[in-house]
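Novice: I'd like to go over a predicted model; first the sequence, then the structure.
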Amino acid sequence: MWLGTVRNLASVKVTATIGCLILCARLQGGLTPEASAGAEPILGAVPAEAPSGEGTAPFARHTYRRLLRLEEAVFRSAADRASRSVVRLEWVGGQTLLGETFPGGAVASGLVVASQGWIVTSTYFFVEKPEALIVRFTDGQISPGRILGRDFNRMVTLVKVDRNCEMLLPEPCPPTELRVGMWTIAIGWTISDRPHLGVGILSARNRIWGKGIQTDTRTSPLNYGGPLIDIYGRVIGVIVPFSPDGKDPVAGVEWHDSGIGFAVRLSDIQDVLPRLAEGRDLFPGKCGVSFAHQNPVLATPVIASVDPRSPADLAGLKPKDRLVQAAGRAIRRASDFYEVVHQHYGGDEISVLVEREGKIFEVQMQLAPDHEPLARVFRGPKSPATPP
């Protein structure tokens, strides 16, 4: 029975090794995930079946060691492909969202996102703009940078350098290919001469009111602003300090290196780049309604109260109104409405279908900017958290 178990283990390891050999050959050959699997294994041929007899156990141990080496090679290959797009930002002055100042200088990670010298990093570091900022590239070039715009909703900041970055653009991972359980690699560049990395899996796709991707990869100020990539080196998103409960924009810092980390999808960042490039600071949107149940997942979308002179009040919403649809999305519970609001910015206008006394009508509501992320720096965290 013992020998049969060892044989089965060896067979499983061999099968997994062959798959890793093919994947590693693809990656190191610079092929796409869709390319054919005809490349030569980089560590030599592996028998299709484990041999039987006395040598079975040593064969299994040898195969397992090879599998581990292949796994490391896959991670290194993915990181090497993505690292050309990673930069290190170095600056003097400024202030973080936790009120920290850096009179002696500080560093953070960033990601090239456009050929015209646009670089994204985390807003966590830049509640106040620094006195001087330089951007260091992995090819050794150093360029002065300047902050164009900051997003206090998805917690990303756009930096501009005067350099053509066409050859440094990352390959994006299509949102449709994101799967819970897939490998993720977090890349940062702060304390070492070259980018550093951590490995984990994608834990959830739509967290923080639909704004974030959750990973168990270790994240911290060492890699905030850097990319979260897949095993093909494609960028999934940019690492930011979101909070697991989504109530405070910087509470996620307390969870650093805990196995609960977040990233903003690269596709969402690309959508907002034009506004940031205009030099605008973007803030979360708020509308000023609340619901009867404190748990938004359980609460029906019937308005309990409306804040005076709030966007909801100006749009004509009243207590006992039932929300049917917002921004084209069906509203079945309060959390659905909160998610719509949280994904928009102050100044955005959304259409809302409302049911009142059996009649359904549409209103246009312009969300107000929520400056809470800045206000908390000067007076500490708010308590308790207020609804949008």
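Specialist: Done, it's in.
Novice: what strand or helix carries the most centrally placed residue in the chain?
Specialist: The chain has A263 as the residue nearest its centroid, 1.4 Å off, counting by Cα atoms, centre = their mean. Using DSSP states H and E, A263 sits within strand 261-265.
Novice: how about stretch 132-152 as PDB, C-alpha atoms only?
Specialist: Output of stretch 132-152 as PDB, limited to C-alpha atoms (Å, rounded to 0.1, in the frame of the first residue of the first chain):
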ATOM      1  CA  ALA A 132      10.800  68.000  -5.500                       C
ATOM      2  CA  LEU A 133      10.200  64.700  -7.300                       C
ATOM      3  CA  ILE A 134      12.300  62.400  -9.500                       C
ATOM      4  CA  VAL A 135      11.500  59.200 -11.200                       C
ATOM      5  CA  ARG A 136      14.000  56.400 -11.500                       C
ATOM      6  CA  PHE A 137      13.600  53.800 -14.300                       C
ATOM      7  CA  THR A 138      14.900  50.200 -14.300                       C
ATOM      8  CA  ASP A 139      17.100  51.100 -17.300                       C
ATOM      9  CA  GLY A 140      19.000  53.500 -15.200                       C
ATOM     10  CA  GLN A 141      17.500  56.800 -16.500                       C
ATOM     11  CA  ILE A 142      16.300  59.400 -14.100                       C
ATOM     12  CA  SER A 143      13.700  62.100 -14.900                       C
ATOM     13  CA  PRO A 144      12.200  64.900 -12.900                       C
ATOM     14  CA  GLY A 145       8.500  64.400 -12.400                       C
ATOM     15  CA  ARG A 146       5.500  66.400 -11.400                       C
ATOM     16  CA  ILE A 147       2.100  65.500 -10.100                       C
ATOM     17  CA  LEU A 148      -0.800  66.100 -12.400                       C
ATOM     18  CA  GLY A 149      -3.900  64.900 -10.500                       C
ATOM     19  CA  ARG A 150      -4.800  62.800  -7.500                       C
ATOM     20  CA  ASP A 151      -7.700  60.400  -7.100                       C
ATOM     21  CA  PHE A 152      -8.900  60.100  -3.500                       C
END
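Novice: and that stretch, what's buried?
Specialist: Within stretch 132-152, the residues that count as buried by 16 or more other Cβ atoms under 10 Å are 133-137, 143, 145, 147-152. C-beta: built from backbone N, CA, C; applies to glycine.
Novice: my guess is Y338 contacts A299. True?
Specialist: No: if you go by Cβ atoms under 8 Å, Y338 and A299 don't touch, sitting 9.4 Å apart.
Novice: and these two? Which one has more around it.
Specialist: More crowded of Y338 and A299, by other Cβ atoms under 10 Å: Y338, with 24 against 18.
Novice: how near is the more buried one to D162?
Specialist: 41 Å (Cβ to Cβ, to the nearest Å).
Novice: one step back: list the buried residues of the strand holding A263.
Specialist: If you call a residue buried by 16+ other Cβ under 10 Å, then strand 261-265 has these buried ones: G261, F262, A263, V264, R265.
Novice: what mean pLDDT does that strand get?
Specialist: Across strand 261-265, the average pLDDT comes to 94.
Novice: could I get the CA-only coordinates of it as PDB?
Specialist: In PDB, the C-alpha atoms belonging to strand 261-265 read as follows (Å, rounded to 0.1, in the frame of the first residue of the first chain):
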ATOM      1  CA  GLY A 261      -4.300  43.400   0.200                       C
ATOM      2  CA  PHE A 262      -6.000  45.300  -2.600                       C
ATOM      3  CA  ALA A 263      -5.400  46.700  -6.100                       C
ATOM      4  CA  VAL A 264      -7.400  48.900  -8.400                       C
ATOM      5  CA  ARG A 265      -8.000  47.400 -11.800                       C
END
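Novice: tell me what that strand is packed against?
Specialist: Helices and strands touching strand 261-265, by 3 or more Cβ pairs under 8 Å, 6 or more residues apart in numbering; DSSP states H and E, are strand 212-215, strand 235-240.
Novice: could you export those strands as a markdown table, including mean pLDDT and mean neighbour count?
Specialist: Putting the helices and strands packed on strand 261-265 into a markdown table (pLDDT from 0 to 100; neighbours: other Cβ atoms under 10 Å) gives the following:
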| stretch | mean pLDDT | mean neighbour count |
| --- | --- | --- |
| strand 212-215 | 94 | 26 |
| strand 235-240 | 97 | 28 |
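Novice: what's the closest of those strands to S351?
Specialist: Nearest to S351 among the helices and strands packed on strand 261-265 is strand 212-215 (25.2 Å), distances taken as Cβ to Cβ.
Novice: which SSE is immediately downstream of that closest one?
Specialist: strand 227-229.
Novice: that next one packs against which elements?
Specialist: Other helices and strands packing on strand 227-229, by 3+ Cβ pairs under 8 Å, 6+ apart, are helix 56-83, strand 183-188, strand 235-240.
Novice: having no further points to raise, I will conclude here.
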